[in-house]
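Peer 1: sequence and computational prediction follow.
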Amino acid sequence: MIFTCNHCPYAQAVWPRTIELYNKVKDRGINFVAINPNAANPNYPEDSVEKMKEYVDKLGIPFPYLVDETQEVAKKFNAQCTPDIYLYNSDKKLVYHGRFDDNWKDSNAVKSKDLENAIINLLEGKEISNNQYPSIGCSIKWVK
């Protein structure tokens, strides 16, 4: 589960990598869902539902990209930024909460594919490191 949006440069940078990772693991029983907690904020028109639909078409997002209209889902998960990533096992236990990788700006400079490593370890029944780095991104645009 990824709390994300359209306008944030951090989120924009990892969208293609997220889609690539999804395509790599989807046939192994891993599901992705993206949730936009900013769509209800009129101060961020780039994150509107209409723009989300355009973004899905533009990027070819192959998994659900949902709207958190009331921002209650983001609040319940204590999501802080976009992107903010949560990986659950089949028992619905949180096994990873952190960054996508170690270089949001340049996919060619990535040395640690944190989310991918966690997914592969989960699939292979290996331990997932407790050394998890927090997500880096734009703050969620809370509607007061």
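Peer 2: Yep, that arrived.
Peer 1: any idea which helix or strand carries Pro16?
Peer 2: helix 9-25 (DSSP states H and E).
Peer 1: tell me the helices and strands packed up against whatever helix or strand comes next after that helix.
Peer 2: Per DSSP H and E, helix 9-25 leads on to strand 34-36 as the next helix or strand towards the C-terminus. Secondary structure elements in contact with strand 34-36, counted by 3 or more CB pairs under 8 Å, 6 or more residues apart in numbering; DSSP states H and E, are strand 2-3, strand 65-67. Using the backbone N, CA and C atoms, a C-beta is placed for each residue, glycine as well.
Peer 1: follow-up on the earlier one: what residues of the helix holding Pro16 count as buried?
Peer 2: By neighbour count on 16 or more other CB atoms under 10 Å, the buried set for helix 9-25 is 10-15, 17-19, 21-22, 25.
Peer 1: same thing with stretch 131-144?
Peer 2: Buried, per 16+ other CB under 10 Å, within stretch 131-144: 132, 135, 137-138, 140-141.
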